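Enquirer: sequence-free structure coming up:
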Ligand SMILES: [Zn+2]
C-alpha cells in the first residue's frame with residue numbers, strides 16, 4: 001500500500017539538507033554562486049563519499065545567504081513535509097550557516113524561519129553544532145541556542161564528521177544548552193562504532209542519539225539503550241545511500257527494535273539520499289513486512305521522544321489518531 005497519507009513524525013531532519021536541488025539551484029543562480037561542484041548533470045546533488053557529501057552540503061549552503069532565503073527554505077521544507085503527511089518534525093538548524101554564529105544575526109534568521117507556515121504541520125528547531133568545525137565554534141553555537149531557547153528552539157545537538165575530535169571536547173557546549181533547559185541529542189554510531197555512542201552518552205549526557213545503529217555490534221550497549229530508554233533517530237535510507245549498510249535487509253533497525261531499543265525513522269537529508277518519509281515506510285514494508293501496527297509504534301515512540309512541550313504533544317497525538 002502507499003503510506004503517503006499515513007500521518008508521520010520525523011525527528012532527524014537537517015533543514016539545509018532537506019532543500020530540493022531545484023530550490024538551491026534557483027537561489028544559487030540568483031546569487032551567482034558556482035554550482036558546478038554541487039550538482040551532477042542530472043541536477044542531483046553530487047558526492048561519492050561521506051566527506052564529499054559534507055563538502056557538497058556546505059557548498060549548497062552558500063546559496064542561502066539571508067534570513068529571507070531561510071524563510072523560503074523553511075516554507076519549501078514544510079510543503080514537502082505536508083506532502084508526505086509528516087504532522088510533526090524537528091529540524092536541525094545551524095547558526096554556522098545563519099550569520100556565522102552571531103547571536104543578533106541568528107535571531108533574525110530564526111524569526112524568518114518561523115514566518116514560514118503550512119497548515120497541519122508543526123515544526124520545531126534543534127540548534128546544531130558541527131563537530132568538524134571544532135569545540136570553540138560549538139560553544140558559540142551553544143550560546144546562540146541558549147539565547148533563543150523557547151517555544152521554537154527546543155533542543156541542542158551535534159552533527160558533522162564523527163571521526164573528528166572526541167565527544168568530550170564538546171561537553172561544555174552541551175552543558176550550556178542543558179543549563180538553559182534545552183533537550184539534547186547528538187549524532188553518534190553512524191560511522192564511529194559503538195564506542196562513539198558510549199562516549200557521547202557519558203560525556204554529553206544526551207537523551208537521543210542521531211543514527212546510533214552501530215550499537216548493534218555491542219550487546220552491552222544494546223542492553224543499556226533498552227534499559228535506559230535512550231531513543232535512536234534511525235535513518236535507514238541515509239545509511240544505505242552513504243554505504244554504512246549495503247542494503248536494508250542488512251540494516252539493524254529490526255534487531256535493535258526487537259532487543260527493546262526505542263527506534264524512530266527519519267530521512268536525515270532527503271534529497272541528498274533520494275528518499276522521503278513515504279519511501280522509508282514503503283521500504284520497511286517491502287523488506288521487513290512492517291504494517292500499520294509497526295508504523296503506529298514508530299509514531300508513538302517518536303512523539304514520546306519529541307522535545308516539544310506537553311501541549312504540542314497532545315495536539316500532535318490527535319493528528320496521529322486520524323488514520
Ligand atoms: Zn543527520
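Expert: Yep, it's here. Please read all numbers here as calculations on a predicted model, not as lab measurements.

Enquirer: next, count neighbours for residue 64.
Expert: 24 (other CB atoms under 10 Å). C-beta coordinates here come from the backbone N, C-alpha and C atoms, glycine included.

Enquirer: skipping its backbone neighbours, what lies nearest residue 111 in space?
Expert: Spatial nearest neighbour of residue 111, chain neighbours left out: residue 67 (7.1 Å); criterion: CB to CB, 6 or more residues apart in numbering.

Enquirer: helices along the stretch 51-200 of the chain, start to end?
Expert: All helices of the stretch 51-200 of the chain, identified by DSSP state H, counting those that start in this stretch, fall at 67-83, 103-115, 135-148, 171-179, 193-204.

Enquirer: dump these to TSV, plus mean pLDDT and distance to residue 308.
Expert: Below are the helices of the stretch 51-200 of the chain laid out as TSV (pLDDT from 0 to 100; distance: least, CB to CB, whole Å):
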stretch	mean pLDDT	distance to residue 308
helix 67-83	97	15
helix 103-115	98	14
helix 135-148	98	15
helix 171-179	98	16
helix 193-204	98	21
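
Enquirer: among the ones you listed, which comes closest to residue 8?
Expert: Nearest to residue 8 among the helices of the stretch 51-200 of the chain is helix 67-83 (8.6 Å), distances taken as CB to CB.

Enquirer: so residue 115 makes contact with residue 73?
Expert: No: with contacts counted by CB atoms under 8 Å, residue 115 stays clear of residue 73, the gap being 11.7 Å.

Enquirer: okay, the two: which has more neighbours?
Expert: Shown here are residue 115 and residue 73; by other CB under 10 Å, residue 73 has more neighbours (24 against 12).

Enquirer: what's near enough to touch the more buried one?
Expert: Counting by CB atoms under 8 Å, 6 or more residues apart in numbering, residue 73 makes contact with 15, 16, 19, 23, 64, 113.

Enquirer: in those residues, find the pair that's most separated.
Expert: Spatially, the most separated pair among the contacts of residue 73 is 23 and 113, at 14.8 Å (CB to CB).

Enquirer: can you get me a residue count around the closest residue to residue 188 other than its chain neighbours?
Expert: Excluding its sequence neighbours, the residue lying closest to residue 188 (CB to CB, 6+ apart) is residue 200, at 3.9 Å. Residues within reach of residue 200, counting by other CB under 10 Å, total 29.
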